[in-house]
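Colleague: Need coordinates for the below:
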Amino acid sequence: MDRIQLGLKSALVIFFLLVTASATADESNVTWAQLTDSQRQVLNPLASEWDTLRPWQREKMLDIARDYPKMSQEKQVLVKKRLTNWSRMTPYERENARKRHQQFKALPADKKRELRKKWQEYQKLPESERAKLRAESPEAYGDSDLD
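Modeller: The predicted structure follows:
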């Protein structure tokens, strides 16, 4: 009897995992036209390229759209800004941004704080000073946020 119950429980777990995976796969293949109005409103900067995004990219964007209503107004503005900036990047620039983000995530907390502080100081500089710094070291200064 215990083996039968264990077998049934295992079968139910496998069934649940398959259904969940299937729902996720379906969600990642949704076209722009199939998105809800609220999803389209949040993801609007990606409208022209939505149908060409990879499934994992769509899933990530749908997660953002799902969480968007729960965000503070400040966070919503930041998300919109980042989506707009992302939509304007070339594939090469996006790949570089992903790499920089992964490198940043791998840093120790104290180094992250130091970099964020330097970035905030840079942001406070007049545009002429920032342009000068960018010209001197273009690889060190980009338009990405370290928030």
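Colleague: What count of nearby residues applies to Pro108?
Modeller: Using other Cβ atoms under 10 Å, Pro108 has 8 other residues around it. Just so you know, the C-beta spots here come from the backbone N, C-alpha and C atoms, and that holds for glycine as well.
Colleague: What of Ser137?
Modeller: Neighbour tally, Ser137, other Cβ under 10 Å: 8.
Colleague: what do you get for Leu35?
Modeller: Neighbour count of Leu35, defined by other Cβ under 10 Å: 19.
Colleague: neighbours around Leu46, how many?
Modeller: Leu46, neighbours per other Cβ under 10 Å, totals 20.
Colleague: so how far is Ser128 from the closest residue to it other than its chain neighbours?
Modeller: Closest residue to Leu46 apart from its sequence neighbours, by Cβ to Cβ, 6 or more residues apart in numbering: Ser87 at 5.4 Å. Distance of Ser87 to Ser128, given as Cβ to Cβ, to the nearest Å: 28 Å.
Colleague: Looking only at neighbour counts, state which of those two leads.
Modeller: Between Ser87 and Ser128, counted using other Cβ under 10 Å, Ser87 has the larger neighbour count: 16 against 8.
Colleague: Am I right that the more buried one is in contact with Leu43?
Modeller: No - Ser87 is not in contact with Leu43 according to Cβ atoms under 8 Å; the separation is 9.5 Å.
Colleague: So Asp63: helix, strand or coil?
Modeller: helix (DSSP: H, G, I helix; E, B strand; the rest coil).
Colleague: what pLDDT does it get?
Modeller: Listed pLDDT for Asp63 reads 96.
Colleague: Please apply the same query to Thr52.
Modeller: Here, the pLDDT recorded for Thr52 equals 89.
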